[in-house]
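S.K.: Please work out how this folds:
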Amino acid sequence: MISIYSDEDVDVLIKQLLEAKGFKVLTTLDAKMLGASDMRQMDFATKNSYVFITHNRLDYEKLYTELIIQGIEHTGIIIAARRNVYELARRIARVLSG
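M.R.: Purely as a prediction, here's the structure:
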């Protein structure tokens, strides 16, 4: 089962929608990580084997590059365009199920 950790800028409804599709989902609110730095969020996701979902393209593209340079492995980062949360959940489920 794929576990997902959603950034605080992703609508919390994503949790219910993806759990209904069989995924384990944790939000930054659930993890009491609101306001934590991007690196700390990614570190939390990595240590707990979560795929990380965010809308924050610019910061996470830079962070991804930094992780590669440092040789740090992670479970994955999905940088999703902002859209209707129901459509977002459908698309994420399709990507992670394929």
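S.K.: got a list of what the nearest residue to Gly76 once chain neighbours are set aside touches?
M.R.: Setting aside the residues directly before and after it, Gly76 is nearest to Val51 in space (Cβ to Cβ, 6 or more residues apart in numbering), at 4.3 Å. Any C-beta I mention is one placed from the backbone N, CA and C, and that applies to glycine too. Contact partners of Val51, counting by Cβ atoms under 8 Å, 6 or more residues apart in numbering, are 2-5, 45, 75-78, 96.
S.K.: Please list only the buried members of these.
M.R.: Among the contacts of Val51, those classed as buried by 16 or more other Cβ atoms under 10 Å are 2, 4-5, 45, 75, 77-78, 96.
S.K.: so what's the residue nearest to Gly76 bridging to?
M.R.: Beta-bridge partners recorded for Val51 (DSSP bridges): Ile4.
S.K.: Kindly state the pLDDT recorded for Glu61?
M.R.: Glu61 is assigned a predicted lDDT (pLDDT) of 85.
S.K.: and it, how many neighbours?
M.R.: Residues lying near Glu61 (other Cβ atoms under 10 Å) number 12.
S.K.: do Arg57 as well
M.R.: Number of residues near Arg57 (other Cβ under 10 Å) recorded here: 12.
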